[in-house]
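> just to be clear, the model below is a prediction. Sequence and coordinates:
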Amino acid sequence: MKFLKFFSPLVLGCVFFASCNTNVSTADKLSLIPADASVVYEVNGNEIFAKSGLNSPDNYNFLNFIKLMDSDSFKFLESLFKGSKDAGVSADKILIYVSKLPDYAIYASILDRKIFEDWLKKSKSPDPVDEGDFRYISIGGDFNIAWNDELAVISGTSIREKLAELFKPKKDGLLATNDDFKQYTSKKSDVGLWLRYDFFADLYDNMGLSGLTSSLIREEYANITTHSYLNFDNGKITGTISMSPAQEVAKLKEKLPLLKKSFDKKIFKDMPEQSYLAFNAFINVEEYVKLIRQSIEGLAEKSTNFEFDELINDRRQEIADLFESPELKIIAGALEGDLLMSIHGFNSGMISYPLASLSFTVKGESAFQNLLNLVPKNFYTQQSGYYSLSVNKTFIPVYFAYKDNRVFVSNDLDAVKAFVDGSKGKTFADNPVSAKMADKMLFYVNLDYETYPDNLKMLLQNFMGQGYKTFTSIIEIYENMSFSGDTDYNFEFNLQLKNKNVNSLKQIFKSLDTTLSPWMR
């Protein structure tokens, strides 16, 4: 038990690594990865600690809890944070890979083998087995720690013969020779993740969920990989995910043409300029409906889950009737596929609620009339140029209107009238966020609390009660956040902070320290 107690700070350290900065691992470590690896994760803990200020743990009150550990554990973790050889191992360039599940390996550099072995002795670990070129100890069957003069490896393999290959793998099967992997390693970042899609099939199989999903992945997507990178810079955190190789992505786009080639930018002029939250989409509606139908029917044919299989079969006719129904065909045939939603204000009347609007494209006025004919006439009332929902029994009104192949839905009457008559002032097209939506689908949130209206602040204060002060303490450093994707399945994440002169990690940890410190007293 003492060994587990000792090893807990190392696990805690891995948690810090897994959320933060890294450089590309050294070629030596990359050359140890077997060709059948499906996940490779790179972390540079020393860089993390330097950027965040964790290399001086006394800077943060919330880390005082580590001083409550036994002295050996405290010294180990403190040395690891500071990058001192007194820990025996280094947090620099941690490399993790997953081979055929449940096999995995975590590599760290040995700084001083004697110190590292002394730590293991202090922790009352099992006596090491000496294999000449390396030593190892086994804990709980599948959990092994092996090391030599240069590397320490935590391994999940239960086959003793494989431990030697962790240090000297067979030269005829290495991932380093894979062209796609070499393309991934050519780009430097703070955090890097290379993933082959057949990992998900292995995951489903390992969880006992074999069936349609895992077989579909192996048949259609096994050759697709993702290259993911995360960077922590002054004032911002950015991340990217891209799919590779190009020919496989092209096949995927041809097989699943779910996205349109471009977004109808006319919609930008339908919305007010201000936006606290916005997202857009441009999809092939009929292709999405077809995909959903094929997925449900495929589940019924290939599922190995008998309860689910029985559920689908009992409703097979209902499902077929739904997809063949005139109503669904009218809806799918009427929608052009462009959509923009925005929360652009807050009602200042007796009841506070978000002012939200939605604009989407349809295939002409006849398509709009076909959609309108699906709604019972007693559900809405025609006004001057727009409609209002007459069945709405709440205090929040809803209006909608049609103009130039677009349908506008909102609970803000002023926004509806501006849509019908044409806006006399600035619109969402003048908001910088719209430029990022021109060729991408994007989800955007304004996190700058100072720009929120007073009635929203009061609403949040009443809703959160005592947690309101904690909330404002956490959010005060942020400006906005966005997540976007394009037609080639490239994705981007961006978190902007107000202070552009200090590293984002340090700002986040300082904010965390301010928030948690009162609870640590």
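Right, received. Where do you want to start?
> now Pro245, nearest residue through space, not along the chain?
Leaving aside its sequence neighbours, Pro245 sits nearest to Asp180 (Cβ to Cβ, 6 or more residues apart in numbering; 5.7 Å). Where C-beta positions appear, they are placed from N, C-alpha and C, glycine not excepted.
> burial count for that neighbour?
By the measure other Cβ atoms under 10 Å, the count of residues near Asp180 is 16.
> try Asp58
A count of nearby residues for Asp58, using other Cβ under 10 Å, gives 9.
> looks to me like it is in a helix.
Yes. Per DSSP: H, G, I helix; E, B strand; the rest coil, Asp58 lies within a helix segment.
> quick check, pLDDT for it.
pLDDT for Asp58: 81.
> gap between it and Ala35?
Per Cβ to Cβ, to the nearest Å, Asp58 is found 45 Å from Ala35.
> again, but for Ser79
Ser79 is 36 Å from Ala35, by Cβ to Cβ.
> and if you look at Met441?
Taking Cβ to Cβ, one finds Met441 at 35 Å from Ala35.
> same thing with Val289?
In terms of Cβ to Cβ, Val289 sits 40 Å off from Ala35.
> what do you get for Lys162?
Lys162 sits 15 Å away from Ala35 when distances are taken as Cβ to Cβ.
> Tyr204 too?
For Tyr204, the distance to Ala35 - Cβ to Cβ - is 22 Å.
> related to what we said a few turns ago, show me which of Met441 and Ala35 is the more surrounded one.
Using other Cβ under 10 Å as the criterion, Met441 and Ala35 rank with Met441 on top: 19 against 15.
> quick check: the more buried one touching Lys260?
No. Here Met441 does not reach Lys260: they are 10.1 Å apart, not a contact under Cβ atoms under 8 Å.
> where does pLDDT dip in the stretch 201-350 of the chain?
Residue ranges of the stretch 201-350 of the chain with pLDDT under 70: 205-216, 297-316.
> list the residues that contact Glu336.
Asp264, Val285, Phe360, Thr361, Val362, Lys363, Asn405 (Cβ atoms under 8 Å, 6 or more residues apart in numbering).
> which two of those have the greatest separation?
Farthest pair in the contacts of Glu336 (Cβ to Cβ) is Val285 and Asn405. Separation: 14.4 Å.
> all strands of the stretch 1-150 of the chain, in order?
Ranges of strands in the stretch 1-150 of the chain, per DSSP state E, counting those that start in this stretch, are 39-43, 89-98, 104-110, 129-130, 135-139, 143-147.
> show me the one of the ones you listed that comes nearest Lys426.
Here strand 39-43 is closest among these (Cβ to Cβ), at 44.8 Å.
> now the angle from the closest one to strand 104-110?
30 degrees (axes from the mean of the first three to the mean of the last three Cα atoms, to 10 degrees).
> please enumerate residues in contact with stretch 269-278?
In this structure, residues lying in contact with stretch 269-278 by Cβ under 8 Å, 6+ apart are 340-345, 354, 357, 359, 406, 408, 412, 415, 418-419, 423, 425-431, 433, 437, 442-446, 452.
> and the lengthiest strand in the chain, which residues are buried?
Secondary structure of the chain per DSSP state E: the longest strand is strand 335-346. Using 16 or more other Cβ atoms under 10 Å as the test for burial, strand 335-346 gives Leu335, Glu336, Gly337, Asp338, Leu339, Leu340, Met341, Ser342, Ile343, His344, Gly345, Phe346.
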